[in-house]
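# pasting the sequence and the predicted model now:
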Amino acid sequence: MPTVTLLFTDIEGSTALWEQDGSRMSQALAAHDALARDAVETHHGQVVKTTGDGVHAVFDHALDALAATVDLQQALNDPAATSGVPLRVRCGLHKGMVERRDDDYFGSPVNRAARIMSAAHGGQVLLSRAVVDDVADKLPAEVALRDLGKVRLKDLATPEHVYQVMHPQLRPVSGTAFAGRHANNLPHLATAFIGRANELAELGRLLAGARALTLTGAGGSGKTRLSLQAAADALERFPDGAWLAELAPLADPGLVAQTVATVLGLKEERGRSIAQTLCEHVKDKQLLLLLDNCEHLLDGCAQLVDTLVRRCPGVRILASSRQALGIAGEQIYRVPSLTLPDRRQIATQQSVRPYESVQLFIDRALLVRTDFQVTDRNAPALASLCRQLDGIPSRDRAGGGASAHTFRRRDRPQTGPAFPPVDGGLADRTAAPSDTSFADRLELRPAAGAGETAVAAAVGVCRRVDPGSGGSSLRRRRPGR
Ligand SMILES: Nc1ncnc2c1ncn2[C@@H]1O[C@H](COP(=O)(O)OP(=O)(O)OP(=O)(O)O)[C@@H](O)[C@H]1O
Ligand SMILES: [Mg+2]
């Protein structure tokens, strides 16, 4: 399969342009297509197809693709070149192995290139990391790259690290780094999201209707993780983005509005409460606000959500809380357990695989032992473990801090290595060396001779890669004001 650089382009706001003056837009589009073809072919590329309001092209060399894109943007700077209709074109470049068939290209890099393009503003050129790795040391003198960090792209499991092409002749892009619907501060978690297809579909439906939606459930039942995924899936629907306010570390309910304001990049203004400033800022915006872990600040959260619901029609709130907020109009969704192997079914490696709780365990087990396998021998122990934990992803904090602490102390071996506290959930269970019988039955103990250090290291790995609801937040972007 050949490795190529893929270019996708698209005209920003083309629907409105067609509606304003269809016949002039038709001429402008013909001129645009000719300019695009010229830029591509001058730089040894090939137009695969025109896509209505843009082009899809391939190049053998990433540097040629970059040069063609910069040329195209420069040509489009002059509205006279497109029949007097100023066109702002978003461009995305990605490099990868593709399959070539019937003069077309297939494979995940093609989708990724199209998604990168869709995250761009009109006039902006975005490059994937793969392209940057190729061109970074041979950039033309006038071209520079701006690191925009990672962005979640619709339908793609892994976020993409994206760079913007800077050039004196390219018009600067104002506002957020990415086109509005991608603006967000959702954390990129290091571990895979497992299952929950039905829950996500239901939440998508509820989010379309409810102004305030609260995910409730016991500690560790997966509220935070599910709300983050639901928000990522719904990003396209919120032109002003999705913004997460993590309330777990907050002790004072009076600081909820302040915390949300800080997330949105707002500062206190003289003579106004921070809640007023916040409402004023978001009242005409269409954004999703995630309030994570509200249970210990119910009054503060209820007050803010109530105000936002009444005064800011385009704002939707997705809260996660062990207890509902208790305000009028709140839609409550109780997060169910992960699906569990049936007690009446004989547990084999094949029969246990479809269950979410098993999948979560396997995902985490592979972080501890890369050669971990579900076999007919360990499947019964695995099924039994999942059932004992009721399909709850993490029971670390279940029942409140004190009892969790007691549980850990009891569960810890009296002698032996000083392991970090042991959790009781699926997401963490792989790293529970105190429970030797389970570890043995699951064939999860580190290889013979690896010793206690290896076990402790495995525990550490598990904790580092998935710090839980706090998330491993990477880059945070502020919404434009
Ligand atoms: N569907 C899932 N896929 C992968 N990991 C998950 C999933 N659901 C939960 N987890 C993991 O399980 C752990 C607990 O989940 P989460 O933090 O979302 O629970 P919670 O209900 O918000 O808990 P709390 O009430 O303590 O805030 C986390 O490490 C999380 O990443
Ligand atoms: Mg949580």
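Noted; the coordinates are in hand. Ligands and ions are numbered 1, 2, ... in the order given.
# neighbours of the closest residue to residue 255 other than its chain neighbours, how many?
Spatial nearest neighbour of residue 255, chain neighbours left out: residue 300 (7.3 Å); criterion: C-beta to C-beta, 6 or more residues apart in numbering. (C-beta placed from N, C-alpha, C; glycine too.) Residue 300 has 22 neighbours, counted by other C-beta atoms under 10 Å.
# what's the helix or strand for residue 300?
Element membership for residue 300, per DSSP states H and E: helix 298-311.
# pull the distance from that helix to the chain's centre.
With C-alpha atoms, centre = their mean, to the nearest Å as the basis, helix 298-311 stands 26 Å off its chain's centre.
# which helices and strands does it pack with?
helix 256-263, helix 274-282, strand 287-292, strand 315-320 (3 or more C-beta pairs under 8 Å, 6 or more residues apart in numbering; DSSP states H and E).
# got the angle between it and helix 274-282?
Angle, helix 298-311 to helix 274-282, by axes from the mean of the first three to the mean of the last three C-alpha atoms, to 10 degrees: 40 degrees.
# may I have the phi/psi pair for residue 226?
The phi and psi torsions at residue 226 (degrees, to the nearest 10) take the values phi -70, psi -40.
# what's the pLDDT at it?
We have a pLDDT of 95 for residue 226.
# what about it, how many residues nearby?
Using other C-beta under 10 Å, residue 226 is surrounded by 23 other residues.
# list the contacts for it?
196, 199, 200, 203, 215, 320, 335 (C-beta atoms under 8 Å, 6 or more residues apart in numbering).
# quick check: it vs ligand 2, distance?
9 Å (C-beta to the ion, to the nearest Å).
# can you check residue 200 too?
17 Å.
# residue 260 too?
Distance, residue 260 to ligand 2, by C-beta to the ion: 17 Å.
# ligand 2 contacts on the stretch 101-250 of the chain?
Counting by C-beta under 5 Å from the ion, the stretch 101-250 of the chain comes close to ligand 2 at residue 224.
# can you do 6 Å?
Neighbours of ligand 2 within the stretch 101-250 of the chain, by C-beta under 6 Å from the ion: 223, 224.
# what does the stretch 101-250 of the chain have sitting close to ligand 1?
The stretch 101-250 of the chain comes close to ligand 1 at residues 191, 193-196, 217, 219-225, as judged by C-beta under 6 Å from any ligand atom.
# quick one: which of these is most hemmed in?
For these, the largest number of neighbours (other C-beta under 10 Å) sits with residue 222, at 31 neighbours.
# correct me, but it touches residue 393?
Yes - Residue 222 is in contact with residue 393 according to C-beta atoms under 8 Å; the separation is 4.7 Å.
# shared neighbours, those two?
Counting by C-beta under 8 Å, 6+ apart, the common neighbours of residue 222 and residue 393 are residue 338.
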